[in-house]
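Visitor: Using only what follows, build the 3D model:
(chains A and B)
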There are 2 protein chains.
Amino acid sequence: MATELISAKETLLREVLERVGDKWSLLVIEELDEDEPVRFSDLRRQVGGISQKMLTKTLRQLERDGLITRKVHAEVPPRVEYRLTSLGSGLGEALCSMWFWVEEHMNDVQRARRKYDKANS
Amino acid sequence: MATELISAKETLLREVLERVGDKWSLLVIEELDEDEPVRFSDLRRQVGGISQKMLTKTLRQLERDGLITRKVHAEVPPRVEYRLTSLGSGLGEALCSMWFWVEEHMNDVQRARRKYDKANS
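Guide: Numbers count the residues shown, from 1 in each chain, chains lettered A, B, ... in the order given. Here you go, the predicted model:
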């Protein structure tokens, strides 16, 4: 594969990897569902430890990338709901395999690093 | 999932994603094979555009993470060969699903961004 051909893809891949490598995006994607809308307040409770500001920022980025939708219901007070798009759901699945790999092989990587550092110090 | 429980995993996931989000690591993993060792010089030729210094650095990082092995054959001049470990091969597969997703949905994400930026400008 010629390096020139992949640079646009690489940029996006890198952005996507950065996005999903971010704990909050990851947790939000995990909590959202394509079929069931979730309210902002519930999402904040489910994603333990996230501030209102950070949740707002995370949701905006995900919405901008087309991974989630935001719907404001004209009520008093207004009800805001988020759900995963099919695009976001597909990314969630692809991400799963990376996540499983890390979960399964975290210790192998750490062992390899210790061994390498010992041999090269 | 409690946020505290995943922070170690998150750090490694982020590192792994950064590593594989790097064009050179990605291309090197793609050129290497578990069954067939590849010489440094051949690798440099196959991964078009990479400098000797950058290839050396990339290979060292991948070796440190246990993703590839490096073997020096006592010949004159010494022959240095690299191959993917089974760990590296597994990561390559997991990475494929992310890569395919990006390839398939790059335009969707870019379209979503343009739409979002237009609506929010």
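Visitor: Output the below-cut-off pLDDT ranges for chain A.
Guide: For chain A, applying pLDDT under 70 flags the ranges A:1-7, A:9, A:17-21.
Visitor: so what's A:D108 up against?
Guide: With contact taken as C-beta atoms under 8 Å, 6 or more residues apart in numbering or on different chains, A:D108 is in contact with B:66, B:87. Where C-beta positions appear, they are placed from N, C-alpha and C, glycine not excepted.
Visitor: Which helix or strand contains it?
Guide: Counting by DSSP states H and E, the element that carries A:D108 is helix A:86-119.
Visitor: Kindly calculate the angle that that helix makes with helix B:86-119.
Guide: Between the direction of helix A:86-119 and that of helix B:86-119, the angle (axes from the mean of the first three to the mean of the last three C-alpha atoms, to 10 degrees) works out to 140 degrees.
Visitor: count of neighbours near A:T58?
Guide: Using other C-beta atoms under 10 Å in any protein chain shown, A:T58 has 23 neighbouring residues.
Visitor: typo on my end, A:M54
Guide: Counted with other C-beta under 10 Å, the burial measure for A:M54 works out to 14 neighbours.
Visitor: returning to that earlier point: buried residues in the helix holding A:D108, which are they?
Guide: Residues of helix A:86-119 classed as buried under the neighbour-count rule (16 or more other C-beta atoms under 10 Å in any protein chain shown) are A:87-92, A:94-95, A:97-99, A:101-102, A:105-106, A:108-109, A:112, A:116.
Visitor: so how far is it from its chain's centroid?
Guide: Remark: helix A:86-119 is offset 15 Å from the chain centroid, using C-alpha atoms, centre = their mean, to the nearest Å.
Visitor: Repeat that for stretch A:30-46.
Guide: Stretch A:30-46 has its C-alpha centroid displaced from the chain centroid by 14 Å (C-alpha atoms, centre = their mean).
Visitor: Any chance you could list what contacts it?
Guide: Contacts made with stretch A:30-46 from outside it, assessed by C-beta under 8 Å, 6+ apart, are listed as A:28, A:47, A:50, A:52, A:55, A:59, A:68, A:71, A:79-86, A:88-89, A:92, B:1.
Visitor: redo that, cut-off 10 Å
Guide: For stretch A:30-46, contacts defined as C-beta atoms under 10 Å, 6 or more residues apart in numbering or on different chains pick out A:27-28, A:47, A:50-52, A:54-56, A:58-59, A:62, A:67-71, A:73, A:78-90, A:92, A:95-96, A:99, B:1, B:6.
Visitor: same thing with stretch A:68-82?
Guide: Contacts of stretch A:68-82 (C-beta under 10 Å, 6+ apart): A:28-29, A:31-34, A:36-43, A:55, A:58-63, A:83-85, A:87-89.
Visitor: how about a cut-off of 7 Å?
Guide: The set of residues external to stretch A:68-82 that reach it, using C-beta atoms under 7 Å, 6 or more residues apart in numbering or on different chains, is A:32, A:37-40, A:43, A:59, A:62-63, A:83-85, A:88.
Visitor: which one among these gets closest to chain B?
Guide: Within the contacts of stretch A:68-82, distances to chain B taken as C-beta to the nearest C-beta reach their minimum at A:E63, with 6.5 Å.
Visitor: Does that closest one touch B:Y116 like I think?
Guide: Yes: contact between A:E63 and B:Y116 holds when scored by C-beta atoms under 7 Å: they sit 6.5 Å apart.
Visitor: Okay, helices next: where are they in chain A?
Guide: Taking DSSP state H to define them, one finds helices in chain A at A:3-21, A:23-31, A:40-46, A:52-64, A:86-119.
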